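Novice: sequence and computational prediction follow.
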There are 2 protein chains.
Amino acid sequence: QKGVVALVGAGPGDPELLTLKALRFLQEADVVLYDDLVSPRIVAMARRDAEKIPVGKRGYRPSCRQDHITAQLVALGLAGKKVVRLKGGDPMIFGRANEEIAALRAVGVRVEVVPGITAALGAAASLQMSLTERDKARRLQFITAHAHDGSLPDDMDWRALCDPRASSIVYMGVKTLQALASRLLAEGIDPTTPALLIERATQRDERVLAGTIESLPPLVAAAAPDGPCLVFIGAAFASPETETSKDSVIEAAL
Amino acid sequence: QKGVVALVGAGPGDPELLTLKALRFLQEADVVLYDDLVSPRIVAMARRDAEKIPVGKRGYRPSCRQDHITAQLVALGLAGKKVVRLKGGDPMIFGRANEEIAALRAVGVRVEVVPGITAALGAAASLQMSLTERDKARRLQFITAHAHDGSLPDDMDWRALCDPRASSIVYMGVKTLQALASRLLAEGIDPTTPALLIERATQRDERVLAGTIESLPPLVAAAAPDGPCLVFIGAAFASPETETSKDSVIEAAL
């Protein structure tokens, strides 16, 4: 009897932002494999007697790491286990779900996918700022700003990212923020375009830095965030607060 | 004593895709104002004795409708009620949250925002297809393809939408699908770009139509969907299934 493997979105950080379905899967699982970024408070929502396996240990090369995770999922599924693969945010954005799903299907293990609140939506709720706005921000785009080797990719659609009527959300973009901002400025983005950095969105120690695409990178370098971060870029992120003072936004977000 | 108004995301349709926080707010609310598109099964999760008010009745002009909803929220908040404004999907994408939040803040009523699973993520989970893929689909963009008057807007960033390495998700795009496809083809999109229509994503009667940006519009016109729909466009949506047959995708999704 084969098992079932569920790829489950753990949401942006706050355990209350799990879906009811994610909670049900967590409570039914024999084994939970969880990413580094998933909060211990969420892992603790699994059944007390479930086996809990941290994956994504640093020290592996990314390719080895993914192969190893996929192999674990396949082995557990073939052994008849109910498995939850718990991923930060949503499993279908900037993850490796396709590889895991393909490997499981190839051996006939049933797959389920449970969506999660992606970090950008968690942060928008926490900031109480819409990601889109009629007329002003009609296209919403998500990117990651690092290539396989961790540098800023050279071949992104820069014009799409400079569009004054789009909202751009950058996942995993702290290390390359200065490079991204310099490139966007060189490609013609309005230097007064509002930009925010949100660290640990929806968690108790959420932190927000507000500026423009030009002023944000040095602010971020000085603040040296060490939690997961998002960068928001676009006209929609000029709230009355960001226009007056950085501190009032930070306060509003806490 | 003033009340509190929470803008709460009801998710894509399946009641189990509400967050734990959304359920808590629903169960604490004195009054629930809900959109047309929110499933009755979700409205029924509110407290039995809560007042439940449908908003978004057809027949109003959109501007009147929004002003009326905002006025109701303000009046209920000032009257000390705990109010939930229940919106399909997530409140911060393609909604009017900013206007509601500004009006409530102006009169000193406390606002909360609870994110929801946006329809695109619900559909991706249901289809078991990632929205992004390393190298192949690194930028994910969401648009609505109708202007104030319901027609296709003329001034979108067409080049950004034709980018072969982006995944594009169109909300509320059924009526203008033929116009959008024609325009993208005229602007140079590869005519073999995969395209899917997903109707009632995550609900029991979810339906999927699969084709290319060229072949999908007539398929959709023939099927005449009457539920809420999303259109997915991009290389990431060429699953093994869509390459072989439309029926197998439809089956996989049910």
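Specialist: Nice, I can see it.
Novice: just the buried positions in stretch A:178-188, please.
Specialist: A:180-181, A:183-184 (16 or more other CB atoms under 10 Å in any protein chain shown). C-beta: built from backbone N, CA, C; applies to glycine.
Novice: which two of those have the greatest separation?
Specialist: A:181 and A:183 (7.3 Å; CB to CB).
Novice: re the thing from before, could you dump the buried residues of stretch A:178-188 to TSV with pLDDT, distance to chain B and secondary structure?
Specialist: What follows is the buried residues of stretch A:178-188, written out as TSV (pLDDT from 0 to 100; distance: CB to the nearest CB, whole Å; DSSP: H, G, I helix; E, B strand; the rest coil):
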residue	pLDDT	distance to chain B	secondary structure
A:180	97	13	helix
A:181	98	17	helix
A:183	97	15	helix
A:184	98	14	helix
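Novice: could you dump the residues you listed into a markdown table with distance to residue A:20 added?
Specialist: Output for these, formatted as a markdown table (distance: CB to CB, whole Å):
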| residue | distance to residue A:20 |
| --- | --- |
| A:180 | 37 |
| A:181 | 40 |
| A:183 | 42 |
| A:184 | 40 |
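Novice: ok, those residues vs residue B:16, which is closest?
Specialist: residue A:180 (37.7 Å).
Novice: ok, that closest one touching residue A:145?
Specialist: Yes. The pair residue A:180 and residue A:145 passes the contact test of CB atoms under 8 Å, sitting 4.9 Å apart.
Novice: what do the two both touch?
Specialist: Listed as contacting both residue A:180 and residue A:145 by CB atoms under 8 Å, 6 or more residues apart in numbering or on different chains are A:152, A:170, A:173, A:231.
Novice: neighbour-wise, which one of those residues leads?
Specialist: Using other CB atoms under 10 Å in any protein chain shown as the neighbour criterion, residue A:231 leads these with 27 neighbours.
Novice: tell me the contacts of that one?
Specialist: A:145, A:169-170, A:173-174, A:177, A:180, A:195-198, A:216.
Novice: of the residues you listed, which belong to helices?
Specialist: Assignment to helices by DSSP state H places the following of these there: A:177, A:180, A:216.
Novice: show me where chain A has its strands.
Specialist: Assigned by DSSP state E, chain A shows strands spanning A:4-9, A:31-34, A:51-54, A:82-87, A:110-114, A:139-144, A:166-171, A:194-199, A:207-212, A:229-233.
Novice: the fifth one near chain B at all?
Specialist: If I follow you right, that is strand A:110-114. Yes. Applying CB under 8 Å from any CB of the partner chain, one finds that strand A:110-114 is in contact with chain B at A:111, A:113-114.
Novice: how about low-confidence regions in the stretch 151-254 of chain A?
Specialist: Residue ranges of the stretch 151-254 of chain A with pLDDT under 70: A:239-254.
Novice: contacting residues for residue A:96?
Specialist: A:66, B:134 are the contacts of residue A:96 under CB under 8 Å, 6+ apart.
Novice: which bits of the stretch 101-250 of chain A sit near chain B?
Specialist: Residues of the stretch 101-250 of chain A lying close to chain B by CB under 8 Å from any CB are A:101, A:111, A:113-118, A:121-122, A:124-126, A:128-134, A:138-144, A:148, A:153, A:156-157, A:159-160, A:163, A:165-166.
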